[in-house]
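Student: Have a look; sequence and predicted model below, questions after that.
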Amino acid sequence: MLNRYARRMERSTVDTPPPGRSPSAGTAEPVPNQVGLETMAKEARAAQRWLAASSGALRGQLLEAMATALENDITEILLANRRDLDGSAALTVAQRDRLTLNAARVEAMAASVREVGRQRDVVGEVVDGWVLPNGLRVRRIRVPLGVVGVIYENRPNVTSDASALALYSGNAILLRGSSQAFYSNRAIVESLRSAISEVGLPEGLVGMATETSREGALAFMQLGAAMDVLIPRGGPELIATVRSQATVPTIIDGDGNCHVYVDASADLGMAVDIIKNAKTQRPGVCNAMETLLIHVDVAEPLLRLLDEELAAVELRGDERTRQICERALEATEEDYAREFLDLILAVRVVDSLNEAIDHIRRFSSGHSEAIITESFANAQCFEREVDAACVLVNASTRFVDGGQLGMGAEIGISTQKLHARGPMGIEQLTTTKIVIEGEGQVRH
Ligand SMILES: NC(=O)C1=CN([C@@H]2O[C@H](COP(=O)(O)OP(=O)(O)OC[C@H]3O[C@@H](n4cnc5c(N)ncnc54)[C@H](OP(=O)(O)O)[C@@H]3O)[C@@H](O)[C@H]2O)C=CC1
Ligand SMILES: N[C@@H](CCC(=O)OP(=O)(O)O)C(=O)O
């Protein structure tokens, strides 16, 4: 029966070339592809019904087929990626790094899909249950959210990571990736859809918006009841547009203005290793460090070490930083407020842990914040008082990643508090419903 259903599904959602980027929208005018989007959303809604009723074993089999398809289609995916890279002249270093695929990265994408498929199946899990005095049996069970939408940056791996997480948790997914990654995303979606079809499920479980203009993105976030939740991953402009224009519920996955604070009690060797990793291992990503805060008691020895160890990094510091490290430029308030996504680091010397926490409270985007300390009391205070999705003690902010945290992958890193916060995996793509079973009881 599922195979018959699958054969009826149209492949149209991945066949159209991109009409190209157009200026930012902000208007309520209807957009040309709204009908296409609505059709795609309807297909996703219909297809999700089949998946919600499927067994964890079938969903595991589906993810295995998706991983194998990615491995088999590696040549097509890399060719499509080359087309994206050739067509995008004005990419920043961070954007080029995000967009670029190679064989190892595609293999890592397949490995992530498999890793997601090895996670515990949470669909149908009973999270609570009780029996009432009148004999009614009540269970709260975990169920998929339904149709999940994602607007995301130009990272093609998000296409497969997000699809794997959504499908394994019983959801259908609608994808609106960056126009810069259109051909890569299309090749990946085609590969995933062929695997879906192969296991007898409807291809409409993964839909991709083909209108890549900003108007298209606006129409996507205005799908209303057709989408159960939208996860926007991106910078402040995207987030502001979603907050003011979206007509669907959202889980905001915003920018990462991440701090590392080096306490007076810190082990400076450990501090140097963590700082180097957090700033330089992949500077263009959201969990990279943007500002370093140093307790005044260790400022001199640490900055002398960093002067050499961070030779490739441009430092922008306050007056006390510049007195110790002559090459540091003057930091402005704006430098502390922004995400560089580059080999640039803002630095500030503080007199106390409290001053560091005050700075973080003022400038943090609520993503990831770290302390390096040998003091248990200071670590506890930092954990309690810093209001961020992830707080780290003596570890690099780069660990804030679903794969690194054992979740297989992440659909995004939520920087809001409801209904999920931090890296979002399978469980965060579910909600619960209450099932009540009786023997004819009526309310008096
Ligand atoms: N918290 C998290 O999970 C994550 C956060 N990020 C953050 O994302 C940023 C990096 O990615 P970057 O490429 O700069 O992100 P952008 O915000 O520029 O782009 C992200 C996506 O949103 C679209 N978009 C951007 N602005 C608008 C708008 N005004 N209206 C409609 N759609 C819009 C883009 O489309 P197009 O490209 O076609 O213009 C793209 O698909 C960083 O700030 C990083 O910290 C990134 C990944 C994960
Ligand atoms: N998952 C990521 C972090 C989140 C992310 O995708 O960030 P970005 O590269 O800014 O789009 C990682 O550390 O690999």
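Tutor: Noted; the coordinates are in hand. Ligands and ions are numbered 1, 2, ... in the order given.
Student: any idea whether residue 434 is helix, strand or coil?
Tutor: strand (DSSP: H, G, I helix; E, B strand; the rest coil).
Student: How about the contacts made by it?
Tutor: Applying Cβ atoms under 8 Å, 6 or more residues apart in numbering, we find residue 434 in contact with 138-141. To be clear about C-beta, it is placed using only N, CA and C from the backbone, and glycine gets the same treatment.
Student: cool, and residue 372?
Tutor: Going by Cβ under 8 Å, 6+ apart, residue 372 touches 260-263, 266-267, 270-271, 274, 394.
Student: Can you show me the strands along the stretch 301-444 of the chain?
Tutor: Using DSSP state E, counting those that start in this stretch, the strands of the stretch 301-444 of the chain run over residues 314-317, 329-330, 344-350, 368-372, 390-393, 413-414, 422-423, 430-437.
Student: closest one to residue 116 among those?
Tutor: Relative to residue 116, the nearest member of those by Cβ to Cβ is strand 422-423, separated by 12.6 Å.
Student: Narrow the contacts of residue 372 to just the buried residues.
Tutor: Buried subset of the contacts of residue 372 (neighbour count, 16 or more other Cβ atoms under 10 Å): 260-263, 266, 271, 274, 394.
Student: residue contacts, residue 98?
Tutor: 153-155, 284-285.
Student: Just the buried subset of the contacts of residue 434, please.
Tutor: Buried, going by 16+ other Cβ under 10 Å: 139, 141, out of the contacts of residue 434.
Student: continuing past the helix-or-strand element of the chain with minimal mean pLDDT, what's the next helix or strand?
Tutor: Lowest on mean pLDDT, DSSP states H and E among the helices and strands of the chain sits helix 2-8, with a mean of 36. With elements assigned by DSSP states H and E, the helix or strand that comes after helix 2-8 is helix 34-52.
Student: Give the closest residue to residue 145 in space, chain neighbours not counted.
Tutor: Ranked by Cβ to Cβ, 6 or more residues apart in numbering and with sequence neighbours excluded, the top spatial neighbour of residue 145 is residue 228, at 4.8 Å.
Student: low pLDDT regions in this structure?
Tutor: The chain contains residues with pLDDT under 70 at 1-35.
Student: switch to 50 and redo it
Tutor: Within the chain, the stretches with pLDDT under 50 are 1-32.
Student: tell me the domain boundaries of it?
Tutor: Domain assignment for the chain by automatic domain parsing gives 2-19+36-253+424-436, 258-399.
Student: start to end distance for the last one?
Tutor: Counting by Cα to Cα, to the nearest Å, the length from the leading to the trailing residue of domain 258-399 is 12 Å.
Student: near ligand 2, which residues of this protein?
Tutor: 98, 153, 155, 285-287, 401, 410, 413 (Cβ under 6 Å from any ligand atom).
Student: Cheers, nothing more for now.
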